[in-house]
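1. Pasting the sequence and the predicted model now:
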Amino acid sequence: MQAGDALCCPTFRMIRFSRMSRENFNELLSFLAVAQERSFTRAAARRGVTPSALSHTMRLLEERLGVTLLTRTTRRVVPTSAGEYLLSTIQPLFDEIENRLSSLDEFRSVPRGTLRITVTEEALSCFLRPRLADFLKKYPDIRVEVSANLKLVDIVEESFDAGVRLGEMVSHGMMSVPISPAIDFVVVGAPAYFSEHPAPKKPDALTAHNCIGVRLPTYGKIYKWLFRQNGKNIKFQPDGQFTCNSVFSTRDACLDGIGLAYIPRVVAEPHITTGALVPVLEKFCPTHVGFHLFYPRHNQHSMPLSLFIEEMKLQ
């Protein structure tokens, strides 16, 4: 029987858990630190002990369990198959304990805490901002820190509580709730621009136009415009004199007559209504799943986050 098979055995789990229940659970927390950091030095700093003491603790744990949990080399330390199994088994349990302790805020008279949210500018301006003021007044002891940009962020890695992106861009395994209706994209230009350039009738006519680009911070590439023609999706690579990294900067450049922009209709609509922007190619522009507020599954018991979700979700 392999080490991983041994850990999967129900009898093994029952015996080992019974034995571990009488031991110091700090050993498991130490194992989690080493397995996550892949370094005794970093894990020791995290646990507030010396690397040698941490290494000794891991040897005692391996002896007690009767399996090798870590493979050690001169440069790094990585979990064995048994170690990976133990990591995947106990990490959610400790996360749950931590979140259950955090959820004790529910028993306080006033909810409190800090929420860090990553969001796109247009989602913040058009959908979150109108609701934020009421939320902050309603819960004065909850602080909200917002980071607004187009970057696709690993919210767990960068310690955000939640993020807001178009529904199809939400990472697999995340919980999410819609905060907006479906989002239409539209190609727009200023009347001054169209006075010098004939409006395109089909997407392939865009090659003759000055198209404003948006450079995506995550990948460093220019965002491709998506169209639907003859039942097929068509991607167009915009090319023009001006490129920026913001939807609102794109809209403003379009208002200045620099060229055509491809932006969410909700951003362009006020200017379409006044005639400052003119939509084209509307029958070819797709509708996207609306903006979603997403968060790690294990964060669903956070009281401030639960209240925030309830206030921001689409009613």
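-> Perfect, thanks for sending it.

2. in the stretch 101-250 of the chain, which ranges drop under the pLDDT threshold?
-> Scanning the stretch 101-250 of the chain for pLDDT under 70 picks out 102-109.

3. domains of this protein?
-> What automatic domain parsing lists as the domains of the chain is 3-104, 111-174+297-312, 183-288.

4. Make JSON lines out of those and add mean neighbour count.
-> Placement of C-beta: from N, CA and C, glycine included. Shown next, in JSON lines, are these (neighbours: other Cβ atoms under 10 Å):
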{"stretch": "domain 3-104", "mean neighbour count": "15"}
{"stretch": "domain 111-174+297-312", "mean neighbour count": "16"}
{"stretch": "domain 183-288", "mean neighbour count": "17"}
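
5. from the middle of its chain, how far away would the strand or helix carrying Cys254 be?
-> If you go by DSSP states H and E, Cys254 is part of helix 247-255. Here helix 247-255 is found 25 Å from its chain centre; the criterion is Cα atoms, centre = their mean, to the nearest Å.

6. now stretch 114-133
-> That offset, for stretch 114-133, works out to 14 Å (Cα atoms, centre = their mean).

7. Check stretch 43-61 too.
-> With Cα atoms, centre = their mean, you get 32 Å for stretch 43-61.

8. Could you do stretch 222-231 as well?
-> 24 Å.

9. Quick check: bridge partners of the nearest residue to Lys313 once chain neighbours are set aside?
-> Nearest-residue entry for Lys313: Val177, 4.3 Å, with adjacent residues in sequence omitted and distances by Cβ to Cβ, 6 or more residues apart in numbering. Counting by DSSP bridges, Val177 forms beta bridges with Leu293.

10. Ok, the one 10 residues further on next?
-> When bridges are called by DSSP bridges, Val187 pairs up with Tyr262, Val280.

11. Mind giving me the packing neighbours of the helix ranked longest in the chain?
-> In the chain, assigned by DSSP state H, the helix with the most residues is helix 81-102. The elements that helix 81-102 packs onto, with contact taken as 3 or more Cβ pairs under 8 Å, 6 or more residues apart in numbering; DSSP states H and E, are helix 3-8, helix 26-37.

12. For that helix, list the C-alpha coordinates in CSV.
-> Extracted in CSV, the C-alpha atoms of helix 81-102 (Å, rounded to 0.1, in the frame of the first residue of the first chain):
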residue,chain,number,x,y,z
SER,A,81,1.4,12.5,-2.3
ALA,A,82,0.4,11.8,1.3
GLY,A,83,1.3,15.4,2.2
GLU,A,84,-0.8,16.8,-0.6
TYR,A,85,-3.7,14.6,0.5
LEU,A,86,-3.4,15.8,4.1
LEU,A,87,-3.1,19.4,3.0
SER,A,88,-6.3,19.2,0.9
THR,A,89,-8.1,17.5,3.8
ILE,A,90,-7.2,19.7,6.7
GLN,A,91,-6.8,23.1,5.1
PRO,A,92,-10.6,23.6,4.5
LEU,A,93,-11.2,22.5,8.1
PHE,A,94,-8.9,25.2,9.5
ASP,A,95,-10.3,27.7,7.1
GLU,A,96,-13.8,26.9,8.3
ILE,A,97,-12.7,27.3,11.9
GLU,A,98,-11.2,30.7,11.2
ASN,A,99,-14.3,31.8,9.3
ARG,A,100,-16.7,30.5,12.0
LEU,A,101,-14.7,32.6,14.6
SER,A,102,-15.0,35.6,12.3
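
13. Please state the offset of that helix from the chain centre?
-> 21 Å.

14. moving C-terminal of it, what's the next helix or strand?
-> strand 113-119.

15. strand partners of that following strand, parallel vs antiparallel please.
-> Going by DSSP bridges, the partners of strand 113-119 are strand 142-148 (parallel), strand 162-166 (parallel).

16. Could you check how far Asp141 is from Leu132?
-> Taking Cβ to Cβ, to the nearest Å as the measure, Asp141 falls 15 Å from Leu132.

17. Same question for Asp239.
-> From Asp239 over to Leu132 (counting by Cβ to Cβ), the distance is 37 Å.

18. Then Glu37?
-> 36 Å.

19. What of Lys224?
-> In terms of Cβ to Cβ, Lys224 sits 32 Å off from Leu132.

20. picking up where we left off before, in JSON lines: the strands paired with strand 113-119, plus distance to Ile309.
-> Below are those laid out as JSON lines (distance: least, Cβ to Cβ, whole Å):
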{"stretch": "strand 142-148", "distance to Ile309": "12"}
{"stretch": "strand 162-166", "distance to Ile309": "8"}
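
21. Leu128: which of the ones you listed is closest?
-> strand 162-166 (6.8 Å; Cβ to Cβ).

22. Right, I'll leave it there.
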